[in-house]
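Here's a sequence, model it:
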Amino acid sequence: MNGRLKKRLFDALIACEAIGEFVQNRDIAAYRSDKMLRSAVERQFEIIGEALAQAANVDPALPDRFPELRRIVALRNRLIHGYDSVDDEIVWDIVQFKLSVLKKLLSDFLA
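Got it, this is the predicted structure:
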């Protein structure tokens, strides 16, 4: 595996792990009421989206192996450019139900 590709995927994996640590033992109410937690989670999603976008530039076949890659990059773009219309419910849903799938895909791919 190309070293640049591996680095980008590893960065995305580390960001997934960070989100998991940040939200451990938290619920949606805690997420909504904690500006620093929301900012931290959103920042890690920005890193994930940017890392995967750059990884896809290195390996154009990557979106075939990561079916949600384009949606992840779109989330990153929404967080950055549409910061004033981010829906906490959607972000929390992604944290709860989709992040672990991405983390496993990244771990398996890097193994």
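
How many neighbouring residues does residue 93 have?
Neighbour count for residue 93, taken as other C-beta atoms under 10 Å: 13. Every C-beta, even on glycine, is put in place using the N, C-alpha and C of the backbone.

Next: residue 108.
Neighbour count of residue 108, defined by other C-beta under 10 Å: 9.

From residue 34, how far out is it?
32 Å (C-beta to C-beta, to the nearest Å).

cool, residue 78 as well?
Distance of residue 78 to residue 34, given as C-beta to C-beta: 20 Å.

higher neighbour count, the two?
Legend: neighbour count by other C-beta under 10 Å for residue 78 and residue 34, higher for residue 78 (19 against 14).

contacting residues for that one?
For residue 78, the contacting residues are 85, 86, by C-beta atoms under 8 Å, 6 or more residues apart in numbering.

Can you tell me the SS state at it?
helix (DSSP: H, G, I helix; E, B strand; the rest coil).

Need phi/psi at residue 15.
With angles defined as degrees, to the nearest 10, residue 15 sits at phi -70, psi -40.

ah, wrong one, I meant residue 25
Torsion angles at residue 25 (phi, psi; degrees, to the nearest 10) stand at phi 60, psi 20.

Quick one: neighbours of it, just the number.
Using other C-beta under 10 Å, residue 25 is surrounded by 5 other residues.

mind listing what's buried in the least confident helix or strand in the chain by mean pLDDT?
Across the helices and strands of the chain, mean confidence by mean pLDDT, DSSP states H and E is lowest for helix 62-65: a mean of 92. Going by neighbour count (16 or more other C-beta atoms under 10 Å), the buried part of helix 62-65 is residue 62.
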